[in-house]
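Asker: would you be able to build a 3D model of this:
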Amino acid sequence: METILYPQFQAEVDDLPKINGKAGPAELHNWSVKAHKRLIIGMRVISIEDTSLAGLTYKEVVQKLKTASRPVRIKFADVQKGTVEENGGRKSGGDSATTGTTNDVAASGYGQSTAYLQQKQEYTRVLVTGELHTEMWTIENKKLLRSLARMQHKWSTVSSEFDILNTRRRQLRKENEVMKSDKEKYEVMMKNLKLQATHAMENPELVLANELATRNTELNDDISKMSSGNKRLRKERDTLQTQLDGLEKQLTSVEKKDKDEEEDRVPEEDIFGIEPSAPPKEQLSALKKKRRGLEDELNKEQRKANKVQKEMEQLTKHYASLGNEEPGLSSLPSLSSSHQSQIDGKDKNAHTSDGQNDKTSSNGSGTDKAKSEFVGLEAKILELRKKQRSVVDTLSKAAHSGDHKLAKECQRRRQKIKEELKDAQDELHRLKTHGKAGAPPKRPESAGKADGVGGGRNRVKSSAIVVGVKEIEALGADCQAQLESTNT
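Answerer: Numbering: from 1, shown residues only. Model prediction:
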C-alpha cells in the first residue's frame, strides 16, 4: 500500500445497490454520464461538497456527511486502476522473457503508470500546499486574534486613563474658577483695607456691629412689650375663661329646658309654607308670590260669586213669573243679604216643601228626615265658617304682631276646622245627590236653596282669601322693614 504524507480517510465504493430490484442512484448516474465519469466498485471518496477529505479523521468525515445539504455532492477517484497499471508496469519491467507484444503492452502500461504517478504527485503536492496554506492561515488568524485581544486590553486601559485624566481636568478647572473668585474677593478686601488705613472708608464690620447693637436694643424693647402684653392677655384669658364657664353652665341649663320643651312641643308647621330660617329677601319674594297666588284665587272666587249671584237673580225672576210660593220667593233675596235670614228662608222653604211633599203619598216621611238633615248640615257649615273667619282674623293679628306661638296655634285650629268643614260639605253633597236621584223632576225650591248655599260658600271663601292677602301684606311689610334695617 502506498504511503501518504497526511492521514486520509479511506472511503471506497463497495457496491452499487438497487432499490426494490430496480436501478439505484449510482446506476442512474452511470447511465447519464460518459464512460470515464461512471462509478465503479473500488473507487475512493476524495471530497464532499467540494471540500477535500485529505487529513480528515473518520468522525470529521461522518460529521461532514451529516451536515451537508441534500443532495450531497461527492467526488470519487479510480485509485484501483492506477494500482493495476503500476503493478503491470512493474511486471513488465521485471519480466525479460516475454514476447514483443507483451513488451509493447508493458511499455504502454509503464508509460501510463508514469503519467499517473506524475498526476498523483501533482495532486499530492497540491494537497500538501493546500494544507500548508490552511495551517499558515490558521496561524495568522490566531496571531491576529491575539493581537486584537491585546489591542483591546490596551484600549480599555488607555480609555480608563483618559477618563481619569478628564475627571481630574474638570476638577482642576473648578478649582481654578474658585481660586479666581477668591483672588477677586481678596483684591477687593485689600483695596478696602488700604482705604480704611487712610481713613477714607469706615470699617464695615464696625458698621455691622453698630447695626446689630441697634437691632438688639429694638428686639429687647419688643420683648419687654410682648411680655407685658402677654401678662395682660393671660389675665384677659382667665377672665374670659371664667365667663365661658358661666356661659357653658347657662347653655347646658338652656339646652335641658329646650329638650324638655321639644319633648312636650307639637311639631311646628311653617306659616304660609315659608322657611323661617331663610334670609329676609327670600321670605319677601316667597310672600310676594303667595300674595299674587291668593289674589288670583280671590279674583276667580269673585267671578264665581258674581256668576252665582246672576243665576240667583235669574231664578228669582223665574220664580216671580211663576207666581207660586210668594213667601218662599220673598225669602230668596234675604239669602244673599245675611246668613241668618238665609237660615230663616231655608226653614220657610223646608216648610213649603213639606207642604208639597205632604200631597205625595209614596215617600213623605223619608223626605222629611232628609230635609231635616240637610238643614242641620247647612247650619253646621255656616257655624264652622264663622269660626274659621274668627280664627283667620286672630292668625292675621298674631302674624302682624309677631306672636309665632299664637299663630301656630291658630294654624292648627284652622286646619282642624277646615277638615270638619270638608267632611260636612261632603255629607251635604251626598245628601244632595241622593235627593236628586229619588225626587221628582220639578223641584225649584231645592235648586234655589243649593244655589244660595253655593253663593254663600263662594262669598265665605272670597272673604277668607282677602284675609289671607292681608296677612301676607302684613308679613311682607315686616320682612321689608327687616331687610331695610339689615341693609342699613
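Asker: any chance you could map the strands in the chain?
Answerer: The residue ranges that make up the strands of the chain, judged by DSSP state E, are 44-48, 51-52, 74-77.
Asker: wait, residue 420 touches residue 384, no?
Answerer: Yes - because the distance of 5.8 Å satisfies Cβ atoms under 8 Å, residue 420 is recorded as touching residue 384. Yep, even glycine has a C-beta here, placed from its N, CA and C like the rest.
Asker: can you tell me which of the strands of the chain is most buried?
Answerer: Each of these was given a mean neighbour count from mean count of other Cβ atoms under 10 Å, and the largest, a mean of 17, is that of strand 44-48.
Asker: export that strand as CSV, just CAs?
Answerer: What follows is strand 44-48 as a C-alpha-only set of coordinates in CSV (Å, rounded to 0.1, in the frame of the first residue of the first chain):
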residue,chain,number,x,y,z
ARG,A,44,-12.4,6.2,-3.4
VAL,A,45,-14.1,9.3,-2.0
ILE,A,46,-11.9,12.3,-2.2
SER,A,47,-14.2,15.3,-1.5
ILE,A,48,-17.6,16.2,-0.1
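Asker: would you mind giving the domain segments of the chain?
Answerer: Per the record's domain assignment (automatic domain parsing), the chain is made up of the domains 25-152, 278-487.
Asker: check these for me: which has the lowest mean pLDDT.
Answerer: Between those, the one with the least mean pLDDT is domain 278-487; it has a mean of 66.
Asker: before we move on, the earlier item: ok, residue 420 and residue 384, which is more surrounded?
Answerer: A count of neighbours by other Cβ atoms under 10 Å puts residue 384 above the other of residue 420 and residue 384, at 19 against 15.
Asker: what residues are up against that one?
Answerer: When the contact criterion is Cβ atoms under 8 Å, 6 or more residues apart in numbering, the partners of residue 384 are 417, 420, 421, 424.
Asker: how near is the nearest residue to it once chain neighbours are set aside to residue 182?
Answerer: Of all residues beyond its chain neighbours, the one nearest residue 384 is residue 421 (4.6 Å), with distances taken as Cβ to Cβ, 6 or more residues apart in numbering. For residue 421, the distance to residue 182 equals 106 Å [Cβ to Cβ, to the nearest Å].
Asker: settle it for me: which of the two has more neighbours?
Answerer: When neighbours are counted by other Cβ under 10 Å, residue 421 comes out ahead of the other of residue 421 and residue 182, with 19 against 10.
Asker: that one contacts residue 377, correct?
Answerer: No - when contacts are counted by Cβ under 8 Å, residue 421 is not listed as touching residue 377 (10.8 Å).
Asker: helices along the stretch 51-200 of the chain, start to end?
Answerer: 58-67, 79-94, 100-197 (DSSP state H, counting those that start in this stretch).
Asker: among these, which comes closest to residue 285?
Answerer: For the helices of the stretch 51-200 of the chain, proximity to residue 285 was assessed by Cβ to Cβ; helix 100-197 is nearest, at 74.6 Å.
Asker: which elements pack onto the closest one?
Answerer: Judged by 3 or more Cβ pairs under 8 Å, 6 or more residues apart in numbering; DSSP states H and E, helix 100-197 is in contact with helix 79-94.
Asker: same thing but 10 Å
Answerer: Here helix 100-197 touches strand 51-52, helix 79-94, helix 204-264, going by 3 or more Cβ pairs under 10 Å, 6 or more residues apart in numbering; DSSP states H and E.
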